[in-house]
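J.: kindly return the folded structure for what I paste below:
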Amino acid sequence: MSPREALEAARAEAAALVQAGEPLEPLLRRLAERDRVALAEVVVGPRAPGSAALVRAALLVLPALEEAIAPKALYQRLVAHSTETAAEVLAAAIGRHPVASWVLRLSVAVEGPRAGLDHLQATQGLSSFPRVCQLYAEAGHDEGLIAAAALLARPELAAALAAAGRLEPAARAIVGTLAAVPDSPVLAFAAAGWGPDLEPLLLACVRNLRDARTADALAPWLRSFPRARALLLAVRPALPASG
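T.: Below you'll find the model as predicted:
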């Protein structure tokens, strides 16, 4: 059988397995051993069947696929082939390439307005976490960083927004972090990125307060900033005890 004939036979077999609902992993593993270019064509080529089952089987042979096609293009095509499995593809890309800049664009395609949330959760235990935060902050993906700050309470998230000059988003991330962990050093981290004129950031933090508990956690940081301290004293009586 010529290479072209072998490829056509593999495509036909994959299409038949998809149609019948049969497992695709044995076929893909066989192709991974014998012809990785054919494997890539069957999985993400222009005539690939494009089903959730095929994408899930492809996730089991990623090392072989990455030898045949650049990871950036591979994962983008896998996402395009099945919306049902997009989150699984993103998780696999994050696991294998946690600091690749193209993962950010993949996250935007999969997560939309909250881009970065999955990526940030997955990398929070890695030394590369500050860099990942920086990538999303510099790209302007505020909502994912703010959501991650409230969920993870990691000070690096607000710090990245502050370093990128994102005033209101940085303030929201600071408040979200303090709401989760009142004794967090998040303001020290944010101050390092923001610069010496800290009062605008602190005023924005006060404007974003939603409960007295978080206000009390913020208060010690305002002692040297009279405008922010005065605003806090004005708004605190109206805040509920907790969020």
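J.: when you work out contacts or count neighbours from here on, use the C-alpha atoms and nothing else.
T.: Noted.
J.: which is the next helix or strand following the longest helix belonging to the chain?
T.: When the chain is parsed with DSSP state H, its longest helix is helix 3-20. Per DSSP states H and E, the first helix or strand lying C-terminal to helix 3-20 is helix 25-34.
J.: show residues contacting the helix or strand bottoming out on mean pLDDT in the chain.
T.: Every helix and strand of the chain was ranked by mean pLDDT, DSSP states H and E. The lowest is helix 3-20, at a mean of 89. Helix 3-20 is contacted by residues P23, L24, L27, A38, E41, V42, R47, A48, P49, S51, A53, L54 when judged by C-alpha atoms under 8 Å, 6 or more residues apart in numbering.
J.: if you set the cut-off to 10 Å instead, what comes out?
T.: 1-2, 21-25, 27-28, 31, 35, 37-39, 41-43, 45, 47-54 (C-alpha atoms under 10 Å, 6 or more residues apart in numbering).
J.: tell me the buried residues in the helix or strand harbouring L201?
T.: Per DSSP H and E, L201 falls inside helix 199-207. Within helix 199-207, the residues that count as buried by 16 or more other C-alpha atoms under 10 Å are E199, L201, L202, L203, A204, C205, V206, R207.
J.: just stretch 213-226 next, same as before
T.: Those would be R213, T214, A215, A217, L218, L222, for stretch 213-226 by 16+ other C-alpha under 10 Å.
J.: low pLDDT regions in this protein?
T.: 1-2, 243 (pLDDT under 70).
J.: picking up where we left off before, between the buried residues of helix 199-207, which is nearest P226?
T.: E199 (8.7 Å; C-alpha to C-alpha).
J.: measure the closest one to Y136 for me?
T.: 25 Å (C-alpha to C-alpha, to the nearest Å).
J.: same question, T85
T.: T85 is 23 Å from Y136, where distance means C-alpha to C-alpha.
J.: more crowded one of the two?
T.: Using other C-alpha atoms under 10 Å as the criterion, T85 and Y136 rank with Y136 on top: 27 against 19.
J.: spit out the contact partners of the residue nearest to the more buried one when sequence neighbours are not counted.
T.: Distance criterion C-alpha to C-alpha, 6 or more residues apart in numbering; nearest residue to Y136, sequence neighbours excluded, is G116 at 6.7 Å. Residues near G116 by C-alpha under 10 Å, 6+ apart: 103-108, 110, 122, 132-133, 135-137, 141-145, 147-148.
J.: so which elements touch the helix holding L201?
T.: With contacts taken as 3 or more C-alpha pairs under 10 Å, 6 or more residues apart in numbering; DSSP states H and E, helix 199-207 sits against helix 167-180, helix 186-194, helix 212-218, helix 226-235.
J.: deepest of these, which one?
T.: Per-stretch averages of neighbours, counted by mean count of other C-alpha atoms under 10 Å, single out helix 167-180 among those, with a mean of 26.
J.: packing partners of it?
T.: helix 142-152, helix 155-163, helix 186-194, helix 199-207, helix 212-218.
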